[in-house]
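Colleague: Sequence and computational prediction follow.
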Amino acid sequence: MNYDEIIAIRDAFKTVRKRQVENVPMNLNEKMKRLRDVREFSVGNEELLKKAVLKAEKNGIKVFAAKSSTDAIQLILKEIGNERLIVKSKSNVTKEIKLTEELESRGVEVIETDIGDRILQVLRGKPSHPTGPIAHLSAKKISEGLSKIYGVQIKDNPEDIVRFVRKEIRNYIEKARIGITGANAITAEEGSIVLAHNEGNISEVIRKEKHIVVTAIDKVYPAIEDAINMLKIITYNATGSLIPSFIEII
């Protein structure tokens, strides 16, 4: 990472800290305690996991358990079948199991639908932060890279860059039949999948003919209320906002 990239990240974190000062949630300590208590109760709770799976299946969701990344890849490949285009959203679990790389090695085109992740995918770069993957890149550097790759002149301001990348992503979303996402939470009481996002892309990805959710057993929560409390905490810590722009509950 060079000097300019370090400065860009520092400025991004300054913005987050400023938002955090301006948007301190009501009863923050109580919310954090509730989250700790829920996590202590939920993580490793096999009965809660079993309840979540049974309830999800009752709701019509097919649930598959994978003991390893290899098992997960094989299950996903079976669900994909002969499809050769997948649209997906940001997911730490899919990154951990190297899903995109595995699918691409088998001739499947995988399109990231989060703006930052798509820019990194096209530029073949690496993320600098989980929630702000391109925080280290200036608008000028991004525009130069995209302009060279696509053979068109893209202005070096965020609005034009986002407009261009969003249009390209939308074209892929319209063509794809399968969408892949992670999950911020799986709730046992309702058997629901909870997903949070700020760009609106997940709303499109989950409405494809087939929606595949790749998540981990530590994402299980007792109920939706517990998941919403968790989202408030992680959103405040990550971006300084009080709640994500969008929350999908399936």
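Modeller: Happy to help now that I have it. Numbers count the residues shown, from 1 in each chain.

Colleague: Tell me, how many residues neighbour Val123?
Modeller: Small correction: residue 123 is Leu, not Val. By the criterion of other Cβ atoms under 10 Å, Leu123 has 17 neighbours. Placement of C-beta: from N, CA and C, glycine included.

Colleague: Surely it and Lys148 touch.
Modeller: No: using Cβ atoms under 8 Å, Leu123 is not in contact with Lys148, being 9.5 Å away.

Colleague: Might you report the residue contacts of the residue nearest the centre of the chain?
Modeller: Centroid check for the chain by Cα atoms, centre = their mean gives Lys90 as the closest residue, at 2.8 Å. Lys90 sits next to Glu112, Asp114, Asp117, Gly182, His197 when contact means Cβ atoms under 8 Å, 6 or more residues apart in numbering.

Colleague: Under the pLDDT cut-off, which ranges of the chain? List them.
Modeller: Counting by pLDDT under 70, the low-confidence segments of the chain come to 1.

Colleague: The nearest residue to Arg106 once chain neighbours are set aside and Leu103, how far apart?
Modeller: Excluding the flanking residues, the one nearest Arg106 by Cβ to Cβ, 6 or more residues apart in numbering is Leu77, at 7.1 Å. Leu77 sits at a distance of 8 Å from Leu103 (criterion: Cβ to Cβ, to the nearest Å).

Colleague: Could you check which of the two has the larger neighbour count?
Modeller: Higher neighbour count among Leu77 and Leu103: Leu103, with 21 against 13, using other Cβ under 10 Å.

Colleague: what about the more buried one, helix or strand, and which?
Modeller: In this assignment (DSSP states H and E), Leu103 forms part of helix 99-104.

Colleague: Could you name the helices and strands sitting against the helix or strand that comes right after that helix?
Modeller: Scanning forward in sequence from helix 99-104 by DSSP H and E, the next helix or strand is strand 109-112. When contacts are defined as 3 or more Cβ pairs under 8 Å, 6 or more residues apart in numbering; DSSP states H and E, strand 109-112 sits against strand 85-88, helix 99-104, helix 115-123, helix 158-175.

Colleague: What residues of the first one count as buried?
Modeller: Put plainly, it is strand 85-88. Ile86, Val87, Lys88 (16 or more other Cβ atoms under 10 Å).

Colleague: Check the third one too.
Modeller: Within helix 115-123, the residues scored as buried using 16+ other Cβ under 10 Å are Ile115, Gly116, Asp117, Arg118, Ile119, Leu120, Val122, Leu123.

Colleague: now those as CSV including distance to Ala139?
Modeller: Converted to CSV, those look like this (distance: Cβ to Cβ, whole Å):
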residue, distance to Ala139
Ile115, 12
Gly116, 13
Asp117, 17
Arg118, 15
Ile119, 11
Leu120, 15
Val122, 15
Leu123, 13
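
Colleague: name the helices or strands packed onto the longest helix belonging to the chain?
Modeller: If you go by DSSP state H, the chain has its longest helix at helix 3-22. If contacts are counted by 3+ Cβ pairs under 8 Å, 6+ apart, helix 3-22 sits against helix 224-239.

Colleague: ok, 10 Å please
Modeller: When contacts are defined as 3 or more Cβ pairs under 10 Å, 6 or more residues apart in numbering; DSSP states H and E, helix 3-22 packs onto helix 139-150, helix 224-239.
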